[in-house]
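Undergrad: Output the structure for:
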Amino acid sequence: MPAPEQFASLGAMRALTYREFLRFFRQRNRVIGAVGQPLLFWLLFGTGLQRSFQVAPANLNGPTFLEYYFPGTLILILLFTAIFATISIIEDRREGFLQSVLVAPITYWAIVLGKVSGGASIAVLQGLIFLLLALTLNISFSLSSFLAIALFLALTAVSLTSLGFVLAWRMESTQGFHALMNLFLMPMWLLSGAFFPPPALGPSMHWSQWLMHCLMRLNPLTYSVAGVRRMLYATEPGRLIIDENAFWTPSLTASWTVTLLFTALTLIAACMIARTRTREDVVT
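TA: Numbers count the residues shown, from 1 in each chain. Prediction:
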C-alpha cells in the first residue's frame, strides 16, 4: 500500500471513530436507550423473579437472580450499543455520507475499523460504568480481574459491532434492521444463558430440552455471558454454584477461545462485506 494511502486510511479511521463518539453523546436518547433499558430489565426481572429462581442444589445457597442476571445485562448493554452504532450505516448511506467515504482514496478496512472501534469503545465505556453497580451486590474484584473483564467485554463489543455491521451493510431501511434485530439479535441474547442457564444433557431429556441445549451451546454469546460470570464471581465461588445435573455452563477457557474466534470471524466478515456495493452506493 502506498504511504499516502496508508496515512489517509489511518486518518479516516480516527475520524470515523471520533464521529461515532460525537454522534452518540449528541443523541441523548441513544445514551438512555442503551443503558436505561437493560438497567430497567435487570431491576424489574431481578426483583420479580427473585423467589422463583433456583439454579443451585437445594442443600446449597446459590446465586440470586439479581446476581445471576447481572452478567447478562452487561452483554445486553453491549448488544444495544452495537445495534445503535451500526444502524447509523443505513442513515449514512441514505444521507450520502457513506458514498463520499466509499469514493475516498482509503481502504475498506479503515471504514470497518473506524465504525467498529467507535461503536465498540462506546459499548465498553457504558459496560464498565454499569459494572460499578456490582458493588451494590457486594461483589469484590481485584484490579487484575477488572482489567480481564474489561478486555473480555472489549472483544465481545467488537464482535457484536462487527456482526451488526455485516447485517446493516445491505439493509435499505432502519425498519428492516429493527425487524432483523427482533428476529435474530434479541433471540441470540435470550439463548445466551443470560436469562436462564442452558439445560444439561441427560438420558431422559425431552426433545425440546435437547434442542434448547444445542441452540445455546452453538450460540457464541453463551460463552460471552459465561466468561463474564466466571470472572466476576471468581473470588466468590458460592455465587457460581449451579446444579450440574440439571444445567450446563462453559468453562472460562472455552469462553475465551470462542469469544476470540467469534471476534475474528465477524471482523473478517465485516471487512469482506464492506468491499461490496449496494444499489444506493455511487459507483465511480
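
Undergrad: pLDDT below threshold where in the stretch 51-200 of the chain?
TA: Across the stretch 51-200 of the chain, residues meeting the criterion (pLDDT under 70) sit at 51-62, 103-105.

Undergrad: quick one, helices of it?
TA: With DSSP state H, counting those that start in this stretch applied, the stretch 51-200 of the chain shows helices at 65-95, 97-102, 108-131, 143-169, 174-180, 186-190, listed in chain order.

Undergrad: Can I get these in TSV including mean neighbour count and distance to Val258?
TA: In short, each C-beta sits where N, CA and C put it, glycine included. TSV is the format used below for the helices of the stretch 51-200 of the chain (neighbours: other C-beta atoms under 10 Å; distance: least, C-beta to C-beta, whole Å):
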stretch	mean neighbour count	distance to Val258
helix 65-95	23	14
helix 97-102	16	32
helix 108-131	23	18
helix 143-169	22	10
helix 174-180	14	23
helix 186-190	16	14
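
Undergrad: and the ones you listed as a markdown table, adding distance to Ile268?
TA: Below are the helices of the stretch 51-200 of the chain laid out as a markdown table (distance: least, C-beta to C-beta, whole Å):
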| stretch | distance to Ile268 |
| --- | --- |
| helix 65-95 | 16 |
| helix 97-102 | 20 |
| helix 108-131 | 10 |
| helix 143-169 | 9 |
| helix 174-180 | 21 |
| helix 186-190 | 19 |
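
Undergrad: Nearest to Leu260 among those helices would be which one?
TA: Taking C-beta to C-beta, helix 143-169 is the member of these nearest to Leu260, at 6.5 Å.

Undergrad: still on that earlier bit, ok, which of the helices of the stretch 51-200 of the chain comes nearest Leu22?
TA: Closest among these, using C-beta to C-beta: helix 108-131, at 9.3 Å.

Undergrad: centre of the chain versus the closest one, how much separation?
TA: Centroid displacement of helix 108-131 relative to its chain, using C-alpha atoms, centre = their mean, to the nearest Å, is 10 Å.

Undergrad: Equivalent analysis for stretch 169-179, please.
TA: The answer for stretch 169-179 is 19 Å, by C-alpha atoms, centre = their mean.
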